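Q: Quick one, structure for this:
(chains A and B)
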Amino acid sequence: QQQVKQSPQSLIVQKGGISIINCAYENTAFDYFPWYQQFPGKGPALLIAIRPDVSEKKEGRFTISFNKSAKQFSLHIMDSQPGDSATYFCAASKTGGYNKLIFGAGTRLAVHP
Amino acid sequence: DAGITQSPRYKITETGRQVTLMCHQTWSHSYMFWYRQDLGHGLRLIYYSAAADITDKGEVPDGYVVSRSKTENFPLTLESATRSQTSVYFCASSDSGPKLQETQYFGPGTRLLVL
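A: Predicted coordinates:
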């Protein structure tokens, strides 16, 4: 069973455009939603994270939007750059869960110049 | 200041052989994790450890064994490798500090091919 569903599987965006990746979760006990970025041949690295007490969090060009009632959250990359080309994973975890993360299947983003 | 390292980075083995993947972190993080990454499945948790000598199963533990005699090391053993265990394996660690959830830091991965 997939507790965190991520879409799309792949995404092509022109330089300067907005990249949007969506995730939906099932377990209402989840209370921490990070996004990880992975470049080819590297391990994933934390990009940005949000908790359900806020509906949006912004760090530079990256924004997480969170909809608790719909059990959905999304990553928006503004002014996408070729250097943003990577695989993005959404994830979820719950307090008291030994910091275990449940990951989505990933989105491969390609930003064309 | 190595952070978290994995060895070997690449491994080719044959069906039925035992393989051990090593993971070492220099931060003294309490939590350590093993994931496998397969296309279409993202990262799936194999085993995790909350401290030395404390380990537990994740989502896909069958065919794997772990141990954690020292805080800094968390080896993963495939007791009898199968082709379905061909994958990229990532080790991660995180602190167990005052924050509700701590960032997980990932190693560079081990690419395993089982023939």
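Q: Any idea what A:A110 is bridged to?
A: Per DSSP bridges, the residues bridged to A:A110 are A:I12.
Q: which residues touch it?
A: Going by CB atoms under 8 Å, 6 or more residues apart in numbering or on different chains, A:A110 touches A:S10, A:L11, A:I12, A:V13, A:S85. (Glycine included, C-beta is placed from N, CA and C.)
Q: The last one and chain B, how far apart?
A: In this structure, A:S85 and chain B are separated by 17 Å, where distance is defined by CB to the nearest CB, to the nearest Å.
Q: now swap in the fourth one and tell me
A: When CB to the nearest CB is applied, the distance between A:V13 and chain B equals 21 Å.
Q: swap in A:I64?
A: Computed as CB to the nearest CB, the A:I64 to chain B distance reads 15 Å.
Q: The residue nearest to that residue when sequence neighbours are not counted: neighbour count?
A: Take A:I64 and drop its neighbours on the chain: the residue closest to it by CB to CB, 6 or more residues apart in numbering or on different chains is A:I50, 4.4 Å away. Counted with other CB atoms under 10 Å in any protein chain shown, residues neighbouring A:I50 total 19.
Q: and what of B:H41?
A: B:H41 is flanked by 16 other residues according to other CB under 10 Å.
Q: so it touches A:G104, yeah?
A: No. Applying CB atoms under 8 Å as the test, B:H41 and A:G104 come out as separate, 9.9 Å apart.
Q: so what's the residue in chain B that chain A sits nearest to up against?
A: Nearest residue of chain B to chain A (CB to the nearest CB) works out as B:F106 at 3.2 Å. Residues in contact with B:F106 (CB under 8 Å, 6+ apart) are A:Y36, A:G43, A:P44, A:A45, B:I4, B:F90, B:C91, B:A92.
Q: Dump these into CSV; add secondary structure and neighbour count as well.
A: Listed next are the contacts of B:F106 as CSV, based on DSSP: H, G, I helix; E, B strand; the rest coil; neighbours: other CB atoms under 10 Å in any protein chain shown:
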residue, secondary structure, neighbour count
A:Y36, strand, 27
A:G43, coil, 22
A:P44, coil, 29
A:A45, strand, 14
B:I4, strand, 23
B:F90, strand, 26
B:C91, strand, 28
B:A92, strand, 27
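Q: Which residue comes closest to A:Y88 once chain neighbours are left out?
A: Closest to A:Y88 by CB to CB, 6+ apart is A:T107, at 5.0 Å.
Q: cool, B:S67 as well?
A: Nearest residue to B:S67 in three dimensions, chain neighbours excluded: B:P75, at 6.1 Å (CB to CB, 6+ apart).
Q: What strands flank the worst-scoring helix or strand of chain A on mean pLDDT, and is each parallel or antiparallel?
A: When the helices and strands of chain A are scored by mean pLDDT, DSSP states H and E, strand A:102-103 comes last with a mean of 93. According to DSSP bridges, strand A:102-103 forms sheet pairs with strand A:86-92 (antiparallel).
Q: starting at the chain centroid, how far to the partner strand?
A: Computed by CA atoms, centre = their mean, to the nearest Å, the chain-centroid distance of strand A:86-92 equals 5 Å.
Q: outside of it, which residues touch it?
A: If you take CB under 8 Å, 6+ apart as the criterion, strand A:86-92 is touched by A:3-4, A:6, A:21, A:23, A:25, A:27, A:30, A:32-40, A:44, A:47, A:73, A:75, A:101-104, A:106-109, B:42-43.
Q: pLDDT below threshold where in the chain?
A: Unless you meant another one, I'm taking chain A. A:1-2 (pLDDT under 70).
Q: if you could check chain B rather than the one you did, that'd help
A: Where chain B drops to pLDDT under 70, the residues are B:1-2, B:97-101.
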